[in-house]
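Visitor: Sequence first, predicted model second:
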Amino acid sequence: MKTVLFVCVHNSGRSQMAEAFFNHLAGGKALALSAGTQPAGRVNPVVVEAMREAGIDISHSKPKALTPEMIGQADRVVTMGCGAEAVCPATFVETEDWALEDPHGKSLERVRKIRDEIKARVTKLLGETTRQQEAQDA
């Protein structure tokens, strides 16, 4: 099973949304994890509300610290516009950066826009991941 790791600094907003959307949309065909280089104490409550509006409950999610083991089990790493690649040079794993606005301190309306951008990118990534898995299985 393909594993995607979403990384940002605090693991309290963007990467949490990406992990939740990916796992929800993948339906068990691929797996997403998320982590932060300096994890916050909790997931941003405005992010929790925005995701609840999208039908996904992340209220029990906790920010996690990025570990070498997480990078080692990932087939792909996506940083969330925070320069995490300088902290975690995962050169042996396909890595890309999504230059996304940080939801910290933003209004619910702004977080909704960030959420929707993340969902669109996750949906595209999931399609690519599924196609790659099907090609390997063939």
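Guide: Perfect, thanks for sending it. Because the structure is a prediction, the values reported are computed rather than measured.
Visitor: what about the residue lying closest to Ala26 once chain neighbours are set aside, which helix or strand?
Guide: Spatially, and ignoring its direct neighbours in sequence, Ala26 is nearest to Leu126 (5.8 Å; CB to CB, 6 or more residues apart in numbering). The way it works is simple: take the backbone N, C-alpha and C, and place the C-beta from them, glycine included. Element membership for Leu126 (DSSP states H and E) is helix 108-137.
Visitor: Show me which positions of the helix-or-strand element of the chain with minimal mean pLDDT end up buried.
Guide: Ranked by mean pLDDT, DSSP states H and E, the weakest helix or strand in the chain is strand 94-97, scoring a mean of 81. Using 16 or more other CB atoms under 10 Å as the test for burial, strand 94-97 gives Thr95.
Visitor: what are the pairing partners of that strand, and which direction each?
Guide: Here strand 94-97 is paired, per DSSP bridges, with strand 76-79 (parallel).
Visitor: surely Arg76 meets Glu94?
Guide: Yes. In this structure, Arg76 is within contact of Glu94 by CB atoms under 8 Å, at 4.8 Å.
Visitor: what's the closest non-adjacent residue to Arg115?
Guide: Leaving aside its sequence neighbours, Arg115 sits nearest to Ala50 (CB to CB, 6+ apart; 4.7 Å).
Visitor: list the contacts for Gln103?
Guide: Just so we're on the same page, residue 103 is Pro rather than Gln. Shown in contact with Pro103 (CB atoms under 8 Å, 6 or more residues apart in numbering): Gly13, Arg14, Asn44, Val46, Val47, Ala50, Arg110, Val111, Ile114.
Visitor: what's the spacing between the second one and Gly81?
Guide: For Arg14, the distance to Gly81 equals 7 Å [CB to CB, to the nearest Å].
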